[in-house]
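> Return a 3D structure for these sequence lines:
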Amino acid sequence: VYPGNCWPFKGHQGQVVIRLPTRVYLTAITVQHITKEASPSGTIISAPKDIAVFPDLLSLCFAPKGVDADREEETLLGMFTYNVEKDPIQTFPLKNMLLPRAFSHVKLLVKSNWGNPWYTCIYRVKVHGKMENQKASTKGPD
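I've put the predicted structure just below:
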């Protein structure tokens, strides 16, 4: 993670959809930004602040018959605040019991940043969970 080596988007709001390598039972999201010390300006006001996580409609394209994709797309799996005063790597648990099945896409909706009116930067996002074919197994890390 180096200053400027991020995914920037215009303004203080934006979203990103992450395609996972396989279907995953989601358990947590990790967000990383640079530190104030690493920033050339000495500030990290471009860091995301309020973030919401949803399963994405793309993952519901092959949902079982009778699944209401529009309703489920709006199911909030987590809402959290990235705190620029804490460690630059922060992990947030998701409410996976609301949708107890695996997804192939996850959407991060950045609702605000720490004060930069021109852009917001996302440096790293990690998605944690159990792969669909390993759900029954309790061995191994997430």
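> What is the neighbour count of Leu94?
For Leu94, the neighbour count with other Cβ atoms under 10 Å is 22. Heads up, the C-betas are built off the backbone N, CA and C, glycines and all.
> contacting residues for it?
Leu94 makes contact with Leu26, Thr27, Ala28, Ile29, Val53, Leu77, Gly78 under the criterion Cβ atoms under 8 Å, 6 or more residues apart in numbering.
> Give me the pLDDT for it.
As predicted, Leu94 sits at a pLDDT of 91.
> With Pro117 instead?
pLDDT recorded at Pro117 is 95.
> before we move on, what about Ala63?
pLDDT, Ala63: 49.
> Ok, the one 5 residues further on next?
The pLDDT attached to Asp68 in the predicted structure is 50.
> cool, Ala136 as well?
At Ala136, the predicted lDDT confidence score is 51.
> circling back to that earlier point, from the contacts of Leu94, which single one is nearest His12?
When the contacts of Leu94 are compared for distance to His12 (Cβ to Cβ), Val53 wins out at 17.9 Å.
> Surely the closest one and Thr75 touch.
No: with contact defined as Cβ atoms under 8 Å, Val53 and Thr75 do not form a contacting pair (10.2 Å).
> Between those two, which has more neighbouring residues?
Higher neighbour count among Val53 and Thr75: Val53, with 22 against 11, using other Cβ under 10 Å.
> so what's the more buried one bridging to?
Val53 has these beta-bridge partners by DSSP bridges: Gly78, Leu108.
> ditto for His128
With DSSP bridges as the rule, His128 is bridged to Ala28.
> Need the residue closest to the centroid of the chain.
Leu108 (4.3 Å; Cα atoms, centre = their mean).
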